[in-house]
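> Below: sequence and its predicted model.
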Amino acid sequence: MDLLTYKCPGCAGAITFDSASQTFRCESCGTTFTEEQLDASVIGNNPVGQSAESYNWSENMPDENLTDVTSYVCESCGAEIVTDDTTVASECPYCNNPIIITDKVSGGIKPHYIIPFKIQKEQAIEALNNFYKGKVLLPKEFKDKNRIKEIKGVYVPFWLFDCDIGADMVYNATKVRHWSDSQANYTETSHYKVIRSGNMTFEKIPVDGLQKMDDSYMDAIEPFNYSEMIPFNSAYLSGYVADRFDVDLEQSTPRANERIYNTATEAIRATVHGYTTVTPSSKKIGIIKGNAKYALFPVWLLNTKYNDKMYTFAMNGQTGKLVGELPVDKKKRNRLFFGIAAAIAAVGQLLVFFM
């Protein structure tokens, strides 16, 4: 990022803030500017590009269809998944109900990439067992009845966004100095206009393409190691299932935008330091060029029901990173709470006794 200075559009002289008039004044020609006028003269000088909402991400999408895979449809939750021709009917990885075979997939977009499974099923089961260990509030019935061996390997669809962005950011900043002498205490506040302008490159920003998949789970098991990503080959589906995306590229764009904008904003803000306060004044971030690719990433998935509530566990099938929610035994929790309360009360009585 480059640190810029304001220049007068009339004479190119340096512009400073006049605290008395609360305007900005050119030191050379005396022209004054409001904050809005000054921001308008700077914002837009950098080629920030086009808003991501209107950007055509799909120009580099594959034009090949999947032809060597079979589609399965869950009659219970409606999930549609694909696998190779050798896989027989199985259970839905999302609701555990039977899935039935239909015809060959028609009109399905062929992924650009796939990351093959690296974590074996036995390793995933062991990791889940270890995840349960030490959870003193975990209901015994949940662990006893949990169908942990039925964890399923699923290739989850992801959209990967690549882009170059341009950004212009303006901040209002202050530096506050305090001192005192024998007569009084003093405070001096200096006001600054801080400008940042520059470009960034983003590569393979992942956004999962499933409505039924909790986005927070997919975010939590990141990152995937892209160095092991290879061109798609349906042979890697053997023994696993692959879900078809139900959130298309256009629908995924808002989440990609959010990640792009938040990351860019934080990175630019991190370059502004040495001030007492920093307040954003204006921001413009746009895409100069970009494209999106379609990929399948490996995830071990277990959905299990306990007391009429579905609990989901997801593991990165490449790195082994695991996330999930566990139920709490209310009776155990209450016993633990009252036990701690009784111990605290006992310690309090001892302190009173010795005082």
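Alright, I've got the coordinates.
> can I see the domain layout of this structure?
When the chain is parsed with automatic domain parsing, its domains come out as 1-42, 47-324, 329-355.
> Give me the pLDDT for residue 145.
Residue 145 is assigned 63 on the pLDDT scale.
> and what of residue 220?
92.
> do the same with residue 279
Reported pLDDT at residue 279 in the predicted model: 93.
> my guess is it meets residue 173, correct?
Yes: assessed by Cβ atoms under 8 Å, residue 279 is found in contact with residue 173 at 7.4 Å. Every residue, glycine included, has its C-beta placed from N, CA and C.
> More neighbours: the two, which one.
Using other Cβ atoms under 10 Å as the criterion, residue 279 and residue 173 rank with residue 173 on top: 18 against 10.
> any idea of the mean pLDDT in stretch 130-142?
What stretch 130-142 shows for mean pLDDT is 74.
> ugh, typo on my part, it should be stretch 229-238
For stretch 229-238, mean pLDDT rounds to 83.
> Endpoints of that stretch, how far apart?
By Cα to Cα, to the nearest Å, the extent of stretch 229-238 from end to end equals 17 Å.
> Which positions within that stretch qualify as buried?
For stretch 229-238, the neighbour count (16 or more other Cβ atoms under 10 Å) marks 229, 232, 234, 236, 237 as buried.
> right, and the fourth one touches residue 116 too?
Yes: using Cβ under 8 Å, residue 236 makes contact with residue 116 at a distance of 5.0 Å.
> Flag the shaky bits of the chain, pLDDT-wise.
Within the chain, the stretches with pLDDT under 70 are 1-24, 35-108, 135, 137, 141-147, 329-355.
> Try it again at 50.
Within the chain, the ranges that satisfy pLDDT under 50 run 1-5, 43-44, 86-89, 101-107, 338-339, 353-354.
> could you pull out the helices for it?
Counting by DSSP state H, the segments of the chain that form helices are 35-42, 121-132, 140-145, 215-220, 249-269, 330-354.
> which of the residues in the second one are buried?
Read that as helix 121-132. For helix 121-132, a neighbour-count test (16+ other Cβ under 10 Å) marks 121, 124, 125, 127, 128, 131 as buried.
> which residues touch the first one?
By Cβ atoms under 8 Å, 6 or more residues apart in numbering, the contact list for residue 121 reads 151, 153, 300.
> Pick the one among these closest to residue 190.
Nearest to residue 190 out of these is residue 300 (Cβ to Cβ; 56.6 Å).
> you'd agree the closest one is up against residue 319?
No: the pair residue 300 and residue 319 fails to qualify as a contact (Cβ under 8 Å) at a distance of 11.2 Å.
> Identify the contacts common to the two.
With contacts taken as Cβ under 8 Å, 6+ apart, residue 300 and residue 319 have residue 119 as neighbours in common.
> Please identify which of these two sits among more neighbours.
Using other Cβ under 10 Å as the criterion, residue 300 and residue 319 rank with residue 300 on top: 27 against 16.
> circling back to that earlier point, could you dump the buried residues of stretch 229-238 into TSV and include distance to residue 140?
Shown next, in TSV, are the buried residues of stretch 229-238 (distance: Cβ to Cβ, whole Å):
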residue	distance to residue 140
229	42
232	44
234	43
236	39
237	38
